[in-house]
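J.: pasting the structure only:
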């Protein structure tokens, strides 16, 4: 029986297929442009057939970053407890939280989202404040496709009476104010798959080749966790930040000890590894917002001075005036620069303040990172280090090992509880 | 199943060390130079020598740390003169939290204003070279007391300073001291600490490790403390540590102290042997009352005397000493020295001798011993049976699952479902076991013993408060 496994990553424009050995090492990997005429299911099946090795569903793992992830709105009882718990599980499931409101907040938000997630409080029979807020909640102020209730289980019936189309899942806070049940994570993972099947036509693929399809950010998060747990060939020597620069988003995955004690936003209690997604930083779909943020950034000249060798003043001027189209390489560095800047200041909804000086290692992964240079990245990182005692290392994952680690790791302890 | 194994040893720590020692604060530390320094220290500076040469009484270990070199030197001299067998170096809380810049700023202010702005000695800021000078004429072991979840750099500097006893562990220095430092990372970082302790050890001069058994020091059931001590001994042994002390804090019940000592000593040896770590030398350390101390000097002194006698009766290898000013803040050097002298006086005048602890028994002690042993074994076996790739991961998962649950731990990874109270004899009993996997039979025994005191007219929190403040 063959011990070779196949890992497939379906992106918006590229399909990556890797042959994985019995020790989770990459034997071979190839990239193929998406064939939109043939359709993704037939294209992948044909590519797998061409490998000419005996495979079954258990030996094929598939993930996809197509569609850019589900867009989630969160409405919670408190930002500090249910808000951070929901946000964490949304991010870990590879979805993108668009906003987090508390139930008292009646502003609403008309950005289109896939799922509106509502909940809060621990499971207890008597919670008049929650009941009052649920009765007052007005869904017309939001633009969503599905409504999910994940709050105090004793008020689930009330919620479905008020909103009959709502789906109810178990309260992740359960009986304690920290997230011990990954109910939101699981629900969104399934929702992602359903959404992908519906939008991208991979249902046949699921039936024929794979047991399930995971969101790529979840796989990267899992690979990161595996590395942190010393089960990877990537050596993690301390507090670590992983950055995945994509076309539509820039993801950071990090070990939570780097969060400043002064940060009001924090990952939910009990979280060891967290993720944040900058939905407005990317080199293709989010190119406009990335350039806009770059050209108006007060430290633009410092940034250009690092990544350019000549014509810095002229490029600075033309970029400021909107007359310069940065290369994909500059855009990738820009995403890194802007993400670290915002992370170091906690500038983003629910984004904690990171003490980047505590970071021992920065790891970059993903397609956009392949053309970047370690020395240049170190210089960009140094812009955000406040003291001379910091000495982080930079590693570019040029073999996509994090992805392989994630897709081949059968168990992620954080979600096996 | 992920049982403790010698194969879990970190094989090559070079890349980890390079990263740790690349920090400017570690400048100058060289493995060879530190090894030479350790080799040139008198053997009496190593805990194993001190333990092996001790008489029938426990060795004495005070605590203490001041921000400036001069104040620490004065404390060291006073404690030495007072007869401390182990000289402490207690670290400030900024360094414990890896906030080295803050520690440096506050040290500067302390030096300029001749006033302590830190609650301990900022070892990393002072550096190893000057710290060696603290102990130039000291022929007794120096003990590092801190509370640091990520102690990798601290311990590198400590060993380079000639400190040969490192207290702590991935659990005991994380759960009671931190709210949010991830437990998994603490466990991994302490693997490194254990590994470098082993790397610097020689057969006759091992760097000694000690776990911190009191944990939150608040109504911790003995079985939980014993299980965690054994786990930390096993985790250290996995990394090659050969000299290790398990410890526990005075429970508030003499019966329970006697029983805990018996079980802790016996099961630590049993499990180390079971998993192939027969070569590890183990010792028992007893902490004087770690809970709320009486503010009145006479009551505090009586408590110290009482616990000193218990340390002798349980044949502890070392007793960690409190001062009469415990309730008032960080004690002055003189008060610390006075406490050391008091304990020394009590140990000399009230010798218990070499009577084995096992011979001191009664039906109550036997019942207590059997109960703690049964509970500890069940908890540990459940953890050993967890699936996983490594023992440390099973331990991490045990906390996530609530199999290990430390009452009153502020840490996010702690389940906080176990509720404990005192029975009529002052022994700590498990009222609600949460997810801790003790047998139904043992849980019933706990409840029946608790029923002897349970006053239904009091609310739970009122009883808890009274139990916490039992010595006040």
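T.: Good, I have the coordinates. Remember, it's a predicted structure, so these values are computed and weren't measured experimentally.
J.: buried ones in the longest strand belonging to chain A?
T.: In chain A, taking DSSP state E as the definition, the longest strand is strand A:109-119. Of the residues in strand A:109-119, A:109, A:113, A:114, A:115, A:116, A:117, A:118, A:119 count as buried by neighbour count, 16 or more other CB atoms under 10 Å in any protein chain shown. Backbone N, C-alpha and C define where each C-beta goes, glycine included.
J.: residue A:264: how many residues sit nearby?
T.: Residue A:264: 11 surrounding residues under other CB atoms under 10 Å in any protein chain shown.
J.: actually residue B:295, not the one I wrote
T.: 13.
J.: re earlier: what lines up beside the longest strand of chain A in the sheet?
T.: Strand A:109-119 sits in its sheet next to strand A:71-76 (parallel), strand A:142-149 (parallel), going by DSSP bridges.
J.: quick one: contacts of the helix or strand where residue B:377 lies?
T.: Using DSSP states H and E, residue B:377 sits in helix B:363-384. The contact list for helix B:363-384 (CB atoms under 8 Å, 6 or more residues apart in numbering or on different chains) reads B:1-3, B:221-224, B:226-227, B:230-231, B:255-256, B:258-260, B:262-263, B:266-267, B:271, B:394-395, B:398, B:403-404, B:425, B:427, B:436-439, B:442, B:445-446.
J.: how does it look with 7 Å?
T.: The contact list for helix B:363-384, computed with CB atoms under 7 Å, 6 or more residues apart in numbering or on different chains, reads B:1, B:3, B:222-223, B:226-227, B:230, B:255-256, B:258-260, B:262-263, B:267, B:394-395, B:398, B:403, B:427, B:436-439, B:442, B:445.
J.: do stretch A:375-388 as well
T.: A:299, A:302, A:306-307, A:333, A:336-337, A:340-341, A:344, A:356-357, A:362, A:364, A:392, A:394, B:24, B:101.
J.: list the buried ones in that stretch?
T.: Within stretch A:375-388, the residues scored as buried using 16+ other CB under 10 Å are A:377, A:379, A:380, A:381, A:384, A:385.
J.: as TSV, those residues with secondary structure would be great.
T.: What follows is the buried residues of stretch A:375-388, written out as TSV (DSSP: H, G, I helix; E, B strand; the rest coil):
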residue	secondary structure
A:377	helix
A:379	helix
A:380	helix
A:381	helix
A:384	coil
A:385	coil
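J.: now the helices for the stretch 101-250 of chain B?
T.: Assigned by DSSP state H, counting those that start in this stretch, the stretch 101-250 of chain B shows helices spanning B:123-126, B:128-134, B:152-160, B:183-200, B:222-238.
J.: quick one, strands of the stretch 301-450 of chain B?
T.: All strands of the stretch 301-450 of chain B, identified by DSSP state E, counting those that start in this stretch, fall at B:318-320, B:419-422, B:428-432.
J.: show me how the chain divides into domains.
T.: Looking at chain A here, since you left the chain open. As given by automatic domain parsing, the domain ranges for chain A are A:5-67+A:193-215, A:69-188, A:219-407.
J.: switch to chain B, that's the one I care about
T.: B:10-359, B:371-468.
J.: who wins for proximity to residue B:116 among the strands of the stretch 301-450 of chain B?
T.: Among these, the nearest to residue B:116 by CB to CB is strand B:318-320 (22.1 Å).
J.: quick one: mean pLDDT for that closest one?
T.: For strand B:318-320, the mean per-residue pLDDT is 98.
J.: worst mean pLDDT among the domains of chain B?
T.: For these, mean pLDDT drops lowest on domain B:371-468, to a mean of 91.
J.: where's residue A:58 relative to residue A:3, distance?
T.: With distances taken as CB to CB, to the nearest Å, residue A:58 is found 12 Å from residue A:3.
J.: got it, and residue B:392?
T.: For residue B:392, the distance to residue A:3 equals 28 Å [CB to CB].
J.: over to residue B:279?
T.: Shown here: residue B:279 relative to residue A:3, a distance of 38 Å by CB to CB.
J.: which one of these two has more residues nearby?
T.: Counted by other CB under 10 Å, residue B:279 and residue A:3 do not tie: residue B:279 has more neighbours, with 12 against 9.
J.: need the contact list for residue 75.
T.: As the question left the chain open, I've gone with chain A. A:101, A:103, A:116, A:118.
J.: um, chain B though
T.: Shown in contact with residue B:75 (CB under 7 Å, 6+ apart): B:64, B:66, B:333, B:336.
J.: again with residue B:313
T.: B:258, B:352, B:360.
J.: out of those residues, flag the one nearest to residue B:81.
T.: Closest approach between the contacts of residue B:313 and residue B:81, by CB to CB: residue B:352, at 25.8 Å.
J.: from residue B:348, how far out is the closest residue to that closest one other than its chain neighbours?
T.: Counting by CB to CB, 6 or more residues apart in numbering or on different chains, residue B:312 is the residue found nearest to residue B:352 once chain neighbours are left out, at 4.2 Å. Using CB to CB, residue B:312 is found at 10 Å from residue B:348.
J.: which one of the two is surrounded by more residues?
T.: Counted by other CB under 10 Å, residue B:312 and residue B:348 do not tie: residue B:312 has more neighbours, with 20 against 10.
J.: thought the more buried one was touching residue B:56?
T.: No. Taking CB atoms under 7 Å as the definition, residue B:312 is not a contact partner of residue B:56, at 8.3 Å.
J.: so which of the buried residues of strand A:109-119 is the closest to residue B:120?
T.: Comparing these against residue B:120 with CB to CB places residue A:119 closest, at 43.2 Å.
J.: for residue A:9, give the beta-bridge partners.
T.: Beta-bridge pairing for residue A:9 (DSSP bridges): residue A:16, residue A:63.
J.: surely it and residue A:63 touch.
T.: Yes. If you go by CB under 7 Å, residue A:9 and residue A:63 touch, sitting 5.4 Å apart.
J.: joint contacts of these two?
T.: With CB under 7 Å, 6+ apart as the test, residue A:9 and residue A:63 both reach residue A:216.
J.: now residue A:298: how far from residue A:341?
T.: For residue A:298, the distance to residue A:341 - CB to CB - is 10 Å.
J.: more neighbours, these two?
T.: Applying other CB under 10 Å to residue A:298 and residue A:341 shows that residue A:341 carries more neighbours, namely 19 against 7.
J.: of the contacts of residue B:313, buried ones?
T.: B:258, B:352.
J.: quick one: which of the contacts of residue B:313 is nearest to chain A?
T.: Among the contacts of residue B:313, residue B:258 lies closest to chain A (CB to the nearest CB), at 35.2 Å.
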